[in-house]
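Engineer: test case, fold it:
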Amino acid sequence: MRSMSPTSDAAQPHGLASVAIALGSNLGDRGRNLRRAIQALRGVVDVVRISRIRETDPVGAPAASPRFLNAVVIGHTRLAPEALLGALLSIEKQLGRRRPAPRNAPRTIDLDLILHSANLRQSRELTLPHPRYLEREFVMTPLRELGLPWRDPRTGTALG
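Structural biologist: Presented below is the predicted three-dimensional model:
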């Protein structure tokens, strides 16, 4: 297995970036939605590890929103952060996610780029690392499960 350190892109072998992507689904066949998303991710990310799937309560969602199934995928990609975000949005669309929708509305699939090596980004389209992931147990529990020796590039907080 290749090194999974979220270091800078320049330090990655052959220009590969280590990435963490959070997956969630709370509409339709949630398990099937996650499996299809993971399969589609394999087209843009060399998937190295996948957390267990967990059922979680929605966070910040409209009242009576269905429960989510969540997981985290860890892998490598040659795509720059913005290109990977575009690929994630395309996969969401292919799997039936409709935008625009009310914030945190129920959805067939949600793919969030959590980490892209140690890249820091702040733009209208993309913030890296994901701005709220350290506060979200549906992301942090699967990350801890994977036991990676990663640190948050903003805060230095251990993630594994």
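
Engineer: alpha carbons only for contacts and neighbour counts from here, please
Structural biologist: Will do.

Engineer: pairing partners for the lowest-mean-pLDDT helix or strand in the chain, with directions?
Structural biologist: Within the chain, confidence by mean pLDDT, DSSP states H and E is lowest for strand 121-122 among all helices and strands, at a mean of 91. If you go by DSSP bridges, strand 121-122 pairs up with strand 127-128 (antiparallel).

Engineer: hey, what's the residue nearest to residue 129 when sequence neighbours are not counted bridged with?
Structural biologist: Leaving aside its sequence neighbours, residue 129 sits nearest to residue 115 (CA to CA, 6 or more residues apart in numbering; 5.0 Å). Listed beta-bridge partners, residue 115: residue 20 (assigned using DSSP bridges).

Engineer: ok, now which ones touch residue 115?
Structural biologist: Shown in contact with residue 115 (CA atoms under 8 Å, 6 or more residues apart in numbering): 6, 18-21, 128-130.

Engineer: who wins for neighbours among the residues you listed?
Structural biologist: Most neighbours among the contacts of residue 115, by other CA atoms under 10 Å: residue 18, with 27 neighbours.

Engineer: part of a helix, is it?
Structural biologist: No: read with DSSP: H, G, I helix; E, B strand; the rest coil, residue 18 is strand and lies in no helix.

Engineer: in this structure, which spans are helices?
Structural biologist: 30-41, 81-94, 137-146 (DSSP state H).

Engineer: residue 49 is nearest to which of those?
Structural biologist: Of all those, helix 137-146 sits nearest to residue 49, with 7.5 Å by CA to CA.

Engineer: okay, buried residues for the closest one please.
Structural biologist: Residues 138-144, 146 are the ones in helix 137-146 that count as buried (16 or more other CA atoms under 10 Å).

Engineer: helices or strands up against that helix?
Structural biologist: strand 68-77 (3 or more CA pairs under 8 Å, 6 or more residues apart in numbering; DSSP states H and E).

Engineer: between helix 137-146 and the strand it packs on, find me the angle.
Structural biologist: Computed with axes from the mean of the first three to the mean of the last three CA atoms, to 10 degrees, the direction of strand 68-77 lies at 50 degrees from that of helix 137-146.

Engineer: so residue 159 sits against residue 140, correct?
Structural biologist: Yes: counting by CA atoms under 8 Å, residue 159 touches residue 140, with 7.5 Å between them.

Engineer: picking up where we left off before, of all the helices of the chain, which one is nearest residue 74?
Structural biologist: Closest among those, once you apply CA to CA, is helix 137-146, at 8.7 Å.
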